[in-house]
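Undergrad: My questions concern the predicted model and sequence given below.
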Amino acid sequence: MKWLQKIPVAVLILTVCVIGVNIYVNRGLPTAKIVIKGTRIPVELAVTGKEKERGLSGRKELKPGTGLLFLYDHKEVFPFWMKEMQFPLDFVWIDGNMVIDLTENVPVPDGNNLHIIHPRSAVDKILELNVGDIQSIGIQVGDKVTFVDR
């Protein structure tokens, strides 16, 4: 019967572990909303070096209709890779408030084959979306990106 007394403690420990894993996976990144082609997209913001390095790696999914926006304080032809990714992505390369390049349907790594992509020219923002979102929203090079809640 003593083991029955330990069940509430075990449940509490398990709950704390689940909450801790959820906080780690979601990382509590700051959020904002952007608008492209009249579509409002809630985004998490990757601002620090650590947040940018981690990106979406290790996550099981990106909630439908959302994205991860990488913000830089300078323009560069940033290379991106799909290390530890578990789902494919679309990339929107942004300079200022203008879409300047698109990379669609970037697959997850296949064994040792890491897919490294980059824009055609320097950017200061990169938006990662679920695969197919570029098509479904109708995003094109030259589209304006509006930041609504920063």
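TA: Perfect, thanks for sending it. Numbers count the residues shown, from 1 in each chain.
Undergrad: how many neighbours does P119 have?
TA: Each residue near P119 was counted by other CB atoms under 10 Å, and the total is 21. Where you see a C-beta, it was placed from the backbone N, CA and C, and this is true even at glycine.
Undergrad: which SS state does it fall under?
TA: On the three-state scheme (DSSP: H, G, I helix; E, B strand; the rest coil), P119 is labelled coil.
Undergrad: OK, contacts around it?
TA: By CB atoms under 8 Å, 6 or more residues apart in numbering, the contact list for P119 reads V77, F78, W93, I100, D101, T103, I126.
Undergrad: now what about the helix or strand containing the fifth one, what contacts it?
TA: Using DSSP states H and E, the secondary-structure element containing D101 is strand 98-106. With contact meaning CB under 8 Å, 6+ apart, strand 98-106 is reached by 36, 82, 88-94, 115, 117, 119-121, 123, 131-132, 134-135, 139-145.
Undergrad: mind running it again at 7 Å?
TA: Strand 98-106 is contacted by residues 82, 88-94, 115, 117, 119-121, 123, 131, 134, 139-145 when judged by CB atoms under 7 Å, 6 or more residues apart in numbering.
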